[in-house]
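In: Quick one: sequence plus predicted model below, questions after.
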Amino acid sequence: QKEVEQDPGPLSVPEGAIVSLNCTYSNSAFQYFMWYRQYSRKGPELLMYTYSSGNKEDGRFTAQVDKSSKYISLFIRDSQPSDSATYLCAIEVQGAQKLVFGQGTRLTINP
Amino acid sequence: ETGVTQSPTHLIKTRGQQVTLRCSSQSGHNTVSWYQQALGQGPQFIFQYYREEENGRGNFPPRFSGLQFPNYSSELNVNALELDDSALYLCASSSEGAGQETQYFGPGTRLLVL
């Protein structure tokens, strides 16, 4: 079983739709939760991070963590064609030197 | 403030050869991590360097090795290349004491092994 599971998609939605991206994880020691956006042929770009259960908002993006279910989500409101990219969840154990990434979900927003 | 840069951008090698990839960390960052991202997969942690010493390693064989220089730039060396080494190699830099959430990734080096 992978430490972090993420549906690879692809996911295609119309412009303006609400997008929900999800990951599950198996290690209860994970403490920090991040979402990265990766455009084609580019490196990952940090979108959001959080370390507690609950919601964190930043503009059109909301990150949600449920530690009891080991489930994290990223919601994108009013999706735009420029949001088309691969979205990666990443999780860290405090004190570890590495991020553990999900497989990534390829998202396309259609105009 | 300059970002993380990597060179070369693309590279083609044949099986059995050796390759060196380079990374310049973001200004003010002294920690460098390397990741391998196979096509359609998430990045996998190779190792991290801090103060010129390896500071954590993922599940990669010893033919993957690295260096960090006094100016905090870094190299990733891969010996005896295998076809499965074809991937995007990402470098990420961060500051001492900062969490991994403050890592900034470079654009990557795309390696193709034939």
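Out: Perfect, thanks for sending it.
In: switch to C-alpha atoms for all contacts and neighbour counts from now on
Out: Fine.
In: if you average pLDDT over stretch A:34-54, what comes out?
Out: For stretch A:34-54, mean pLDDT rounds to 91.
In: Any idea how far apart the tips of it sit?
Out: 13 Å (C-alpha to C-alpha, to the nearest Å).
In: ok, residues contacting it?
Out: By C-alpha atoms under 8 Å, 6 or more residues apart in numbering or on different chains, the surrounding residues in contact with stretch A:34-54 are A:31-33, A:56, A:58, A:63-67, A:74, A:84-91, B:90, B:101, B:104-108.
In: got it, and stretch A:102-109?
Out: By C-alpha under 8 Å, 6+ apart, the list of residues contacting stretch A:102-109 reads A:4-15, A:21, A:23, A:79-90, B:40-43.
In: Just the buried residues of these.
Out: Neighbour-count burial (16 or more other C-alpha atoms under 10 Å in any protein chain shown) applied to the contacts of stretch A:102-109 gives A:4-6, A:8, A:11, A:13, A:15, A:21, A:23, A:79-80, A:83-90, B:41-43.
In: out of these, which are inside strands?
Out: Using DSSP state E, the subset of the buried ones among the contacts of stretch A:102-109 located in strands is A:4-6, A:11, A:13, A:21, A:23, A:85-90.
In: how about JSON lines for those, with distance to B:Lys13 and pLDDT added?
Out: Below are those laid out as JSON lines (distance: C-alpha to C-alpha, whole Å; pLDDT from 0 to 100):
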{"residue": "A:Val4", "distance to B:Lys13": "32", "pLDDT": "93"}
{"residue": "A:Glu5", "distance to B:Lys13": "32", "pLDDT": "94"}
{"residue": "A:Gln6", "distance to B:Lys13": "32", "pLDDT": "95"}
{"residue": "A:Leu11", "distance to B:Lys13": "34", "pLDDT": "95"}
{"residue": "A:Val13", "distance to B:Lys13": "39", "pLDDT": "96"}
{"residue": "A:Leu21", "distance to B:Lys13": "36", "pLDDT": "97"}
{"residue": "A:Cys23", "distance to B:Lys13": "35", "pLDDT": "96"}
{"residue": "A:Ala85", "distance to B:Lys13": "29", "pLDDT": "97"}
{"residue": "A:Thr86", "distance to B:Lys13": "27", "pLDDT": "97"}
{"residue": "A:Tyr87", "distance to B:Lys13": "29", "pLDDT": "98"}
{"residue": "A:Leu88", "distance to B:Lys13": "28", "pLDDT": "97"}
{"residue": "A:Cys89", "distance to B:Lys13": "31", "pLDDT": "96"}
{"residue": "A:Ala90", "distance to B:Lys13": "30", "pLDDT": "93"}
